[in-house]
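# output the structure for:
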Amino acid sequence: MISEQMSRIIDGQIALRERLAGRTVELGERRRRMQMGAERMPAPVHVSVELIDVDGVTCEWIRPAAIADGRVVVYFHGGGYAVGGLDTHRKMIGFLATATGLAALSVGYRLAPEHPYPAALEDGIQVLSWIRANRGVAATDLVVAGDSAGGSLAVATCLAARDNGWPMPGALVLLSPWLDLAAPEASVSDAAIDDPIVSRANLHELRDWYVGDADPTAPLVSPLRADLAGLPPTLIHVGQRELLCADAVRFGDRLRADGVDALCEVWDGMVHVWHFFAGLAPEADAAMRSIAEWLHALHRPDRPAR
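Just a heads-up that it's a prediction; the model follows:
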């Protein structure tokens, strides 16, 4: 049973979709809309924010008042590689940091279409290298996470690190990841699914902006098509109502087939990155707790592989 709070949120998304039906929404307006939406979200308490420059990549440290251990979350925001940023995801990452008790480094990677592939990936690799070299954080103490396109970027960054011979992070956390940019019309699940947030047309447009002249089937563009062997233990959250649900489930299957410890949770009735509504809807708060429980369970010596 979906909560009253989440039902109101979904109804609002449907109303917005209907108002915009048949209208061309320019990129600048999309960015402003996401910013305004983030401003209306509740803020977590007792969280500090520190803006830093990581060799030209603007990032933010987001730290909860009570830090559980020395692990660090490196977080890539969503927005189809073209929308979103530090401001839009600060509150959500703050709730994640509070739930897990871990400091988080939010990555302000370059956006398309101004900066198409591989700009965002280059920024991700640079940040991952910097935090290990300059903060003394062991690779196994890193949690690489992201939502939507940021989830795909999190995987691609780990794949690039693996291919460079770097030690793998301790965990991957993917929230509603967009994993196959090569065929967005085929990657969506059941055509009958009424996704109030993600549309097929929008996936095509965002894909074209990000990929540019690159090959959309390249593994670092579409991680669903990659060899996934050697990736760290992975948690995937996806909503049952998402167009991208089938790909997320398929990715979990692919991970396990390639020998990776992976858990894919499909949340009944949920929509794309419902975690964004933490502090507002109980399902979002429960999802944050689920991530925290999974991360803390990784340290149990008796934890079975999945």
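# for the stretch 151-300 of the chain, what are the low-confidence residue spans?
Where the stretch 151-300 of the chain drops to pLDDT under 70, the residues are 184-192, 300.
# that one: helices as residue ranges?
With DSSP state H, counting those that start in this stretch applied, the stretch 151-300 of the chain shows helices at 184-187, 200-211, 245-257, 282-297, listed in chain order.
# TSV for those, including distance to T58 and mean neighbour count?
C-betas here are computed from N, CA, C, even on glycine. Putting the helices of the stretch 151-300 of the chain into TSV (distance: least, C-beta to C-beta, whole Å; neighbours: other C-beta atoms under 10 Å) gives the following:
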stretch	distance to T58	mean neighbour count
helix 184-187	29	16
helix 200-211	19	18
helix 245-257	29	20
helix 282-297	25	18
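# which one is E265 nearest to, not counting chain neighbours?
Excluding the flanking residues, the one nearest E265 by C-beta to C-beta, 6 or more residues apart in numbering is H237, at 5.5 Å.
# still on that earlier bit, out of the helices of the stretch 151-300 of the chain, flag the one nearest A120.
Ranking the helices of the stretch 151-300 of the chain by distance to A120, with C-beta to C-beta as the measure, places helix 200-211 first at 7.7 Å.
# what helices or strands is that closest one leaning on?
Using 3 or more C-beta pairs under 8 Å, 6 or more residues apart in numbering; DSSP states H and E as the contact criterion, the secondary-structure elements in contact with helix 200-211 are helix 184-187.
# if we use 10 Å, what do you get?
helix 27-39, helix 149-163, helix 184-187 (3 or more C-beta pairs under 10 Å, 6 or more residues apart in numbering; DSSP states H and E).
# out of those helices, deepest packed?
helix 149-163 (a mean of 25; mean count of other C-beta atoms under 10 Å).
# can you dump the C-alpha coordinates of that one into PDB?
Taking Å, rounded to 0.1, in the frame of the first residue of the first chain, the C-alpha atoms of helix 149-163 are listed here in PDB:
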ATOM      1  CA  ALA A 149      22.300   8.600 -15.100                       C
ATOM      2  CA  GLY A 150      24.500   9.000 -12.100                       C
ATOM      3  CA  GLY A 151      24.000   5.300 -11.400                       C
ATOM      4  CA  SER A 152      25.300   4.500 -14.800                       C
ATOM      5  CA  LEU A 153      28.200   6.900 -14.300                       C
ATOM      6  CA  ALA A 154      29.000   5.200 -11.000                       C
ATOM      7  CA  VAL A 155      29.300   1.800 -12.800                       C
ATOM      8  CA  ALA A 156      31.300   3.200 -15.700                       C
ATOM      9  CA  THR A 157      33.700   4.900 -13.300                       C
ATOM     10  CA  CYS A 158      34.300   1.600 -11.500                       C
ATOM     11  CA  LEU A 159      34.700  -0.300 -14.900                       C
ATOM     12  CA  ALA A 160      37.300   2.300 -15.900                       C
ATOM     13  CA  ALA A 161      39.100   1.900 -12.600                       C
ATOM     14  CA  ARG A 162      39.000  -1.900 -13.000                       C
ATOM     15  CA  ASP A 163      40.400  -1.700 -16.600                       C
END
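# lovely, talk soon.
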